[in-house]
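Asker: whatever this is, show me its structure:
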Amino acid sequence: MASFVQRMIRAAKLDPAIYEEVENDRGATGQAMAVVILASIAAGIGAYGMAGMRGVGTDTVARDVIGVTIGALVSWMVWAFVTMFIGTKLLPEPGTQSNWGELLRTIGFSSSPGVLRILGVIGGLGMLVAALASAWMLIAMVVAVRQALDYRSTWRALVVCLIGFALQWVVFFLTLTLIGFSMRSMFS
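Answerer: Numbering: from 1, shown residues only. Below you'll find the model as predicted:
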C-alpha cells in the first residue's frame, strides 16, 4: 500500500491509477478525510494571508479555520452523495456502478492540490494560487469521478462534477451559516 503522501502526490498529478486504488481500498476513507481537512486548513490559512493578518487575533483565526474545515467536511460528504446519485441514477453509462464510500475516497483525494492554497500567505500571490489550486482540484475531481463511476467519457464526468460543484457550494455556505461563521470575519 502506498503511503499517504505518495497517494496525495499521485492524485495531484492526476494519475487515474491512484483513483482506482483508493476507490477499491476501503481503508483509505480516513486518508481521504485527512486530505479534505488538510486542504481546508490550508485554504483558511491562505485566506487570512490574502486578507492580511494585521489585527486578527489567533482565537478568530482558529475559529474561522475550524468553521471552514467543518464546512468542507460536510460539503465533501454531500458532494460525494450528490455525485453518486447524479452519476449512477441520472447520467450513468452502461458500465457505471459505484457507491458512496468509493466516491468519498476518490473525491477526497481529488482535494490534494488544495494544500497549495496555504501559499496565500505569500503577499501578492494569494488570489492567483487560490484560483489555480481550485481549478486543479476541479480537474482532479473530474478524473476521480470518471474512475469511480467507471465512465469512458471525461465530458460526462465533467458535467456530473459541475452539477455537484454547484450544489456542494450551496451546502458549504449553508453549513457555515448554521455554525455561525461569517465570511466577513475572514476579511475584516
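Asker: name the element Leu14 belongs to?
Answerer: In this structure, Leu14 sits in neither a helix nor a strand according to DSSP states H and E.
Asker: quick check: longest helix of the chain.
Answerer: Longest helix in the chain by number of residues (criterion: DSSP state H): helix 58-85.
Asker: how far out from the middle of the chain is the helix or strand following it?
Answerer: Note on helix 58-85: by DSSP H and E, the next helix or strand toward the C-terminus is helix 100-109. If you compare the mean C-alpha spot of helix 100-109 with that of the full chain, they lie 10 Å apart, counting by Cα atoms, centre = their mean, to the nearest Å.
Asker: send me helix 100-109 as CSV with only the CA atoms.
Answerer: What follows is the C-alpha trace of helix 100-109 in CSV, where atoms were taken according to Å, rounded to 0.1, in the frame of the first residue of the first chain:
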residue,chain,number,x,y,z
TRP,A,100,-20.9,6.5,-1.6
GLY,A,101,-17.7,5.2,0.0
GLU,A,102,-15.9,4.9,-3.3
LEU,A,103,-16.9,8.5,-4.2
LEU,A,104,-15.9,9.7,-0.7
ARG,A,105,-12.4,8.3,-1.2
THR,A,106,-11.8,9.4,-4.8
ILE,A,107,-13.3,12.9,-4.3
GLY,A,108,-11.4,13.3,-1.0
PHE,A,109,-8.1,12.6,-2.7
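Asker: what's near enough to touch the residue nearest the centre of the chain?
Answerer: Ranked by distance to the mean C-alpha position of the chain (Cα atoms, centre = their mean), the top residue is Ser111 at 3.8 Å. Neighbour list for Ser111: Val35, Val36, Ala39, Trp76, Met137, Ala140 [criterion: Cβ atoms under 8 Å, 6 or more residues apart in numbering]. Every C-beta, even on glycine, is put in place using the N, C-alpha and C of the backbone.
Asker: ok, the nearest residue to the last one once chain neighbours are set aside - contacts?
Answerer: If I follow you right, that is Ala140. Excluding its sequence neighbours, the residue lying closest to Ala140 (Cβ to Cβ, 6 or more residues apart in numbering) is Ser110, at 3.9 Å. By Cβ under 8 Å, 6+ apart, the contact list for Ser110 reads Ala11, Tyr19, Met137, Ala140, Met141, Val143, Ala144.
Asker: and Ser110, its phi and psi?
Answerer: phi -70, psi -10 (degrees, to the nearest 10).
Asker: kindly report the same for Asp15.
Answerer: Per-residue torsions, Asp15: phi -80, psi 110 (degrees, to the nearest 10).
Asker: quick one: it from Ala140, how far?
Answerer: In this structure, Asp15 and Ala140 are 10 Å apart, going by Cβ to Cβ, to the nearest Å.
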